[in-house]
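# coords please:
(2 chains)
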Amino acid sequence: MDMTDNIIEISDLVKIYPTFNRSSIKDFFINRQPVTGENVEDKLQFYRKVALDLHSLNVVRGSKFGILGHNGSGKSTLLSLMLGILKPDHGFIKVNGRSVGLLEMGSGFHPELSGNENVMLYLSILGISISDARALLPSIVTFCELGKAMSSPLRTYSSGMVIRLAFSVLCHVPTDMFLVDEVLAVGDYSFQVKCMDFMAKFSSGGGTIVFVSQDPSTLLNMCDTGLCLHEGKAKAVGPIYEVVETYIEAMEKIKKDAST
Amino acid sequence: MRHFFELTFLMMRRDMIVRYRGTILGYIWSVLNPLVFAMVYFVAFKHILRIPVENYAVFLLTGLFPWLWMSNALNNGTKGFETYQAVLKSRVVNPVIIPFFVVIIEFVNFLFSLPVVFVLVAFSSVPIPFSGFIYFPLIFLLTLLFLLSTVSIVACLSLVFRDLGHLIQLLVQMLFFLSPIIYPVDLVPDSLKSIYHVNPFVDLIQLWRQLLYTGDIQLELAVYPFILSCVLCVVSYFCLKIIGNRAVQWI
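Below is the predicted model of the structure:
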């Protein structure tokens, strides 16, 4: 029996995006070009893009796991798969516990609603009952330190305030795993410290943190293990310093290739 | 399941707030718009075209308001996944919740407009058809099943085909005139009847009008919409399974 307690188990995971995405009915019936021997490669490439292809990956319960990679390397896709909002095309991903995450800034909020109303709605979207949400509201209001702004519509908020609110809500949702996508950088310094404190407390209480970033130094500070993604494939998995090293080497190589 | 309804309630409140906050008339807007249209239809069809129907105002509204529920649900369904994408992007959730939001929110708008119908009925000489109200749950559930299935299909397919929304809009406009909303069904000539009755809204509108106005409910009218709804329900199941479950990557 496997002795380590994994919160995420991944094997042979493949996620493919159809790149033509949405077409129109007209295109579907009229502009259909036949796929011939000559353009079959182009066609296939046009239709599908492998966003993620991971052989095996386990995240140990209670660890602080960092995901590093360039733009478009599959970080957000992996996070979405971990949250369960995307389904894999092949292979499987298993999450043994509750997870909560922030993928896009302010998704779940509506600009016309007040801060309080948005908190209630967002908690409900995250699966919290109305009575539980009412009980959580006061401590969320205290945590985000937005004060009187909580009763004015969200469209009057700065983007930093929106992030504050979103993060404060997420912190109060009972969960086993917390997934964050490099949004913390938007908040001001004092709030960042507060978030770090929260994460430290969450982690020492046995919670798992998955943190996605492009900044190696943040990850070195925050994480113990990690993964470096490159074009959807794992370049390095293991202790965070090894992962960061691989990432920096790859970056240097790209820089060198670009200059020659 | 309870959470399903709580979330629907909060979404509904969100939509109401977004629509009416800051407007002076507030809720009245939701009734005013159909009422103004009804007045125009009233002048055009009662006084100019002279459709031979007694109590035409009541006749019109008892067909128009249920129709607005159904047509708005269909039209909003085409953008359903976009409007409520936050729900799918935050947590694992059954995608059927999106068509459910669309249909229920429009249903509540319909409920809000019902007092107008009853006021009108009270002022006219027709008695309020209390005896028929026991059929309300039945007709409601039938319409709900029909709308949930069609809206699910439309919402999923418009993720793949982005111009489906325009097509549905056109279709809904056509069906308005091809359903017995502004005229009674007996004005339809016999030669057209067989084609005319293919439209499931013909039976649904008649059922709602009988429920709200005439009081004598012909339950046999429910047979065709019910069978059709069952077929569409199966289709919508596969649409939601194949497209709806992957909605996040299509939005």
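# neighbours of the nearest residue to residue B:11 once chain neighbours are set aside, how many?
Spatial nearest neighbour of residue B:11, excluding adjacent residues (C-beta to C-beta, 6 or more residues apart in numbering or on different chains): residue B:101 at 5.3 Å. Using the backbone N, CA and C atoms, a C-beta is placed for each residue, glycine as well. Residues near residue B:101, counting by other C-beta atoms under 10 Å in any protein chain shown, number 23.
# elements contacting the host helix or strand of residue B:143?
Per DSSP states H and E: residue B:143 is located in helix B:136-160. With contacts defined as 3 or more C-beta pairs under 8 Å, 6 or more residues apart in numbering or on different chains; DSSP states H and E, the packing partners of helix B:136-160 are helix B:56-77, helix B:80-83, helix B:97-123, helix B:164-177, helix B:200-209, helix B:223-242, helix B:247-250.
# okay, these in JSON lines with mean pLDDT next?
Shown next, in JSON lines, are those (pLDDT from 0 to 100):
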{"stretch": "helix B:56-77", "mean pLDDT": "92"}
{"stretch": "helix B:80-83", "mean pLDDT": "90"}
{"stretch": "helix B:97-123", "mean pLDDT": "87"}
{"stretch": "helix B:164-177", "mean pLDDT": "94"}
{"stretch": "helix B:200-209", "mean pLDDT": "94"}
{"stretch": "helix B:223-242", "mean pLDDT": "94"}
{"stretch": "helix B:247-250", "mean pLDDT": "80"}
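# mind putting the ones you listed into TSV with distance to residue A:190?
Below are these laid out as TSV (distance: least, C-beta to C-beta, whole Å):
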stretch	distance to residue A:190
helix B:56-77	43
helix B:80-83	36
helix B:97-123	38
helix B:164-177	46
helix B:200-209	59
helix B:223-242	45
helix B:247-250	34
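# that older thread, need the contact list for the residue nearest to residue B:11.
Taking C-beta atoms under 8 Å, 6 or more residues apart in numbering or on different chains, we find residue B:101 in contact with B:8, B:11, B:12, B:80, B:84.
# returning to that earlier point: which of the helices and strands packed on helix B:136-160 sits closest to residue A:77?
Of all the helices and strands packed on helix B:136-160, helix B:247-250 sits nearest to residue A:77, with 9.0 Å by C-beta to C-beta.
# surely residue A:59 is in a strand?
Yes. Counting by DSSP: H, G, I helix; E, B strand; the rest coil, residue A:59 is part of a strand.
# what's the burial count for it?
So residue A:59, with other C-beta under 10 Å, has 24 neighbours.
# which residues of the stretch 101-250 of chain B lie near chain A?
Neighbours of chain A within the stretch 101-250 of chain B, by C-beta under 8 Å from any C-beta of the partner chain: B:159, B:160, B:161, B:162, B:163, B:164, B:167, B:245, B:246, B:248, B:249, B:250.
# burial count for the fourth one?
I take that to be residue B:162. 16.
# check the second one too.
In terms of burial, residue B:160 registers 18 neighbours under the definition other C-beta under 10 Å.
# just the fifth one next, same as before
The burial metric for residue B:163, expressed as a neighbour count using other C-beta under 10 Å, is 16.
# can you check the pLDDT for it?
In this model, residue B:163 is scored at 86, pLDDT.
# quick one, strands of the stretch 151-260 of chain A?
In the stretch 151-260 of chain A, the segments counted as strands under DSSP state E, counting those that start in this stretch are A:177-181, A:208-213, A:225-230, A:233-239.
# chain B is nearest to which of these?
For chain B, the closest of the strands of the stretch 151-260 of chain A is strand A:177-181, at 11.3 Å, according to C-beta to the nearest C-beta.
# quick one: that closest one to strand A:208-213, angle?
Relative orientation of strand A:177-181 versus strand A:208-213 (axes from the mean of the first three to the mean of the last three C-alpha atoms, to 10 degrees): 10 degrees.
# residues making contact with strand A:177-181?
A:7-8, A:75-76, A:79, A:82-83, A:95, A:97-104, A:170, A:199, A:202, A:207-212.
# go on, stretch B:5-21?
Counting by C-beta under 8 Å, 6+ apart, A:110, A:112-113, A:117, A:120-121, A:124-125, A:129-130, B:26-27, B:29-30, B:84, B:87, B:97, B:100-101, B:104-105, B:108 sit against stretch B:5-21.
# and that stretch, which residues are buried?
Buried residues in stretch B:5-21, counted by 16 or more other C-beta atoms under 10 Å in any protein chain shown: B:6, B:7, B:8, B:10, B:11, B:12, B:14, B:15, B:16, B:17.
# hang on, the earlier thing: farthest pair within the contacts of residue B:101?
Pairwise over the contacts of residue B:101, using C-beta to C-beta, the maximum falls at B:12 and B:80, 14.0 Å.
# from the buried residues of stretch B:5-21, which land in helices?
Here DSSP state H is the test, and the buried residues of stretch B:5-21 give B:6, B:7, B:8, B:10, B:11, B:12, B:14, B:15, B:16, B:17 as lying in helices.
# in CSV: those residues, plus pLDDT.
Output for these, formatted as CSV (pLDDT from 0 to 100):
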residue, pLDDT
B:6, 86
B:7, 88
B:8, 88
B:10, 88
B:11, 87
B:12, 87
B:14, 86
B:15, 85
B:16, 83
B:17, 82
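# need the max-distance pair from these.
Distance extremes for these: the farthest pair is B:6 and B:17 at 16.5 Å, using C-beta to C-beta.
# does residue A:111 belong to a helix, a strand or coil?
coil.
# quick one, what contacts it?
Residue A:111 sits next to A:153, A:154, A:155 when contact means C-beta under 8 Å, 6+ apart.
# just the buried ones from these?
The buried subset of those (16+ other C-beta under 10 Å) comprises A:153, A:154.
# now tabulate the contacts of residue A:111 in CSV and tack on pLDDT.
As requested, those are exported to CSV (pLDDT from 0 to 100):
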residue, pLDDT
A:153, 90
A:154, 90
A:155, 89
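# nearest to residue B:115, of the contacts of residue A:111?
Nearest member of those to residue B:115, counting by C-beta to C-beta, is residue A:153, at 29.7 Å.
# quick one on the thing from earlier: can you narrow the contacts of residue A:111 to ones near chain B?
Okay, of the contacts of residue A:111, nothing touches chain B (C-beta under 8 Å from any C-beta).
# for residue B:107, see how far away residue A:182 is.
Distance, residue A:182 to residue B:107, using C-beta to C-beta, to the nearest Å: 41 Å.
# give me the more crowded residue out of these two.
Neighbour tally, residue A:182 and residue B:107, criterion other C-beta under 10 Å: the higher count belongs to residue B:107, 20 against 17.
# mark which of the residues of the stretch 101-250 of chain B next to chain A are buried, thanks.
Buried members of those, scored by 16+ other C-beta under 10 Å, are B:159, B:160, B:161, B:162, B:163, B:164, B:246, B:248, B:249, B:250.
# done for today, thanks.
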